[in-house]
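Participant: need a structure here:
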Amino acid sequence: MLGIDDFQLHKLKLKLGEKEKLFSQYEGELKQIYKIFGSSEMDVNIKSIQLDKKKLEDEQKAIAAKIDMLYAADTKAATKEANKQFNEIKNQLSDLKKQAFSLEQERDTLVFDIEDSKEFIQSLNIRLDALNASTEVTKELGSIDFSYCPCCLQVLSDSVDAKKCDLCKSDIKDDGRSLGYLKMRNEIAFQKKESENILNRKETRLSEVGIQIQKTKAAQTQIERKHGNFVNSINPIEAQVKNYISRQGYIDRAIQDSLEKEKLGQKVEEIRQSKASLNSEISILKDDIEAANKLREKNRSAVYTAINDLTMQLIKNDPSKELAGVDRISFDFGKDDVVAVGKGSPAASTGTYLKNSFFFALFLVSLNNKFVRYPRFILMDNIEDSGLETDRVQQFHRDIIERSEATDTVHQIIFTARSEVRHC
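Facilitator: Okay, here's the model as predicted:
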């Protein structure tokens with residue numbers, strides 16, 4: 001009614017919700033694609049994918065040419081070349097087996113050393129706990145007095161120095177801890193720290209060795225397949241061709257994977273462009289919403305201030321002057337209530353004068369502000385209610401006429417009067 005709640009603002013918020021929902025859908029699609037690529041952090045680059053595919057296609061052509069050359073070449077020369085490759089495969093297989101064996105030995109040694117280090121660290125922790133416990137016992141119970149030497153059973157002379165041990169005569173600190181205790185505790189703590197550092201290095205190395213074993217085993221399996229082709233083939237040329245064909249099969253699969261990745265890469269680029277465009281639209285919408293909110297608050301403040309000021313001007317003209325000391329009103333449309341702040345319970349006639357002033361002020365605000373949706377029409381048929389005196393009624397009539405004549409906005413006012421209205 002007051003034009004404060006802008007319909008355009010509501011439309012902007014709905015549109016923003018739709019855009020943000022679509023943006024979330026794009027995010028979901030990207031996450032699914034990244035999972036296919038193997039990592040959500042991978043930067044999907046179409047040019048990189050196309051370059052990898054080109055390398056595979058070039059290798060495939062090179063292998064096809066080598067196969068043709070083997071069949072077209074001199075048999076003796078081809079056999080010699082095939083035997084040379086077979087020897088290289090055997091050497092590679094032997095090296096990989098030795099490497100795998102060496103890595104497995106290192107892994108087993110590391111596993112044993114790690115377990116041994118953990119047990120040693122645990123024993124050091126037990127010793128530290130025991131030392132701390134002995135100190136606590138000494139604090140609670142005091143030191144132990146020895147009358148006889150526990151080694152030779154000779155009578156010990158009484159020590160007059162309270163800062164020395166009765167048994168070994170070493171110095172004792174004020175807190176009851178001997179220098180020997182502190183030295184032992186520092187040595188154990190140092191051993192524990194060094195052992196933990198060594199343990200961390202060995203665990204890191206064990207992880208590295210595990211990865212190297214996996215890679216070595218995978219390479220060994222591939223070389224064994226090539227070796228098997230030579231061993232199971234009577235003709236060394238055919239064995240070499242088998243290896244080439246096996247490689248071609250792998251390349252074919254890799255090319256197909258690249259084609260799928262290329263399609264996904266193109267999809268990623270499309271989604272990225274859509275997200276960028278959508279993000280720009282969302283930013284603009286948020287700016288528009290912020291501006292609309294500011295304008296709404298500005299209009300709210302202006303309208304509420306105008307209603308208050310106009311109402312105050314009208315009630316200041318009330319001949320009864322009952323509300324003369326009031327400078328502010330409070331109103332609630334939800335409760336259909338308007339009160340003069342600082343005035344407890346005015347007379348019934350004054351309450352009527354206040355309400356009529358308020359509603360007429362609301363009407364005047366609509367005449368002065370185009371955005372206010374209150375009709376430019378008002379019917380006032382209760383001005384004389386609650387026994388309002390004639391002079392007060394006539395004053396309100398004069399205010400109505402003066403305000404009506406002072407505006408250029410087209411409007412209509414209907415009000416009732418029990419006597420002739422005189423405009424002085």
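Participant: could you use CA atoms for every contact and neighbour count after this?
Facilitator: Fine.
Participant: run through the helices of the chain in chain order.
Facilitator: Under the criterion DSSP state H, the chain carries helices at the ranges 7-37, 46-72, 75-141, 179-231, 236-316, 348-368, 390-405.
Participant: mean neighbour count added to those helices, as TSV?
Facilitator: Output for those, formatted as TSV (neighbours: other Cα atoms under 10 Å):
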stretch	mean neighbour count
helix 7-37	14
helix 46-72	15
helix 75-141	15
helix 179-231	15
helix 236-316	17
helix 348-368	20
helix 390-405	17
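Participant: out of those, which gets the lowest mean score?
Facilitator: Here the lowest mean pLDDT among these goes to helix 46-72, at a mean of 76.
Participant: elements contacting it?
Facilitator: helix 236-316 (3 or more Cα pairs under 8 Å, 6 or more residues apart in numbering; DSSP states H and E).
Participant: returning to what we had before: can you redo the helices of the chain as JSON lines with distance to residue 324?
Facilitator: Below are the helices of the chain laid out as JSON lines (distance: least, Cα to Cα, whole Å):
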{"stretch": "helix 7-37", "distance to residue 324": "40"}
{"stretch": "helix 46-72", "distance to residue 324": "80"}
{"stretch": "helix 75-141", "distance to residue 324": "83"}
{"stretch": "helix 179-231", "distance to residue 324": "86"}
{"stretch": "helix 236-316", "distance to residue 324": "6"}
{"stretch": "helix 348-368", "distance to residue 324": "11"}
{"stretch": "helix 390-405", "distance to residue 324": "14"}
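Participant: I'd like to know which of the ones you listed is closest to residue 338.
Facilitator: With Cα to Cα as the criterion, residue 338 lies closest to helix 348-368 of the helices of the chain, at 6.8 Å.
Participant: and the gap between residue 98 and residue 413?
Facilitator: Look at residue 98 and residue 413: by Cα to Cα, to the nearest Å, they are 107 Å apart.
Participant: oh, I was asking about residue 57
Facilitator: For residue 57, the distance to residue 413 - Cα to Cα - is 88 Å.
Participant: returning to what we had before: who wins for proximity to residue 327 among the helices of the chain?
Facilitator: Closest approach to residue 327 among those is made by helix 236-316 (6.8 Å; Cα to Cα).
Participant: that closest one to helix 46-72, inter-axis angle?
Facilitator: Calculated by axes from the mean of the first three to the mean of the last three Cα atoms, to 10 degrees, helix 236-316 forms an angle of 170 degrees with helix 46-72.
Participant: between helix 236-316 and helix 75-141, how big is the angle?
Facilitator: Per the same axes, to 10 degrees, the angle that helix 236-316 makes with helix 75-141 is 50 degrees.
Participant: that older thread, so for residue 382, which of the helices of the chain sits nearest?
Facilitator: Going by Cα to Cα, the one of the helices of the chain nearest residue 382 is helix 348-368, 8.0 Å.
Participant: alpha carbons only: can I get the closest one in PDB?
Facilitator: Taking C-alpha atoms only, helix 348-368 is exported to PDB below (Å, rounded to 0.1, in the frame of the first residue of the first chain):
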ATOM      1  CA  ALA A 348     -12.000   9.500  23.300                       C
ATOM      2  CA  SER A 349     -12.500  12.600  21.200                       C
ATOM      3  CA  THR A 350      -8.800  13.200  21.000                       C
ATOM      4  CA  GLY A 351      -8.200   9.600  20.000                       C
ATOM      5  CA  THR A 352     -10.700  10.100  17.100                       C
ATOM      6  CA  TYR A 353      -8.900  13.400  16.100                       C
ATOM      7  CA  LEU A 354      -5.600  11.500  16.100                       C
ATOM      8  CA  LYS A 355      -6.800   8.600  14.000                       C
ATOM      9  CA  ASN A 356      -8.400  10.900  11.500                       C
ATOM     10  CA  SER A 357      -5.300  13.000  11.300                       C
ATOM     11  CA  PHE A 358      -3.200   9.800  10.700                       C
ATOM     12  CA  PHE A 359      -5.400   8.500   7.900                       C
ATOM     13  CA  PHE A 360      -5.600  11.900   6.200                       C
ATOM     14  CA  ALA A 361      -1.700  12.200   6.500                       C
ATOM     15  CA  LEU A 362      -1.500   8.800   4.900                       C
ATOM     16  CA  PHE A 363      -3.700  10.100   2.000                       C
ATOM     17  CA  LEU A 364      -1.500  13.200   1.700                       C
ATOM     18  CA  VAL A 365       1.600  11.100   1.500                       C
ATOM     19  CA  SER A 366       0.100   9.300  -1.500                       C
ATOM     20  CA  LEU A 367      -0.500  12.700  -3.200                       C
ATOM     21  CA  ASN A 368       3.100  13.700  -2.700                       C
END
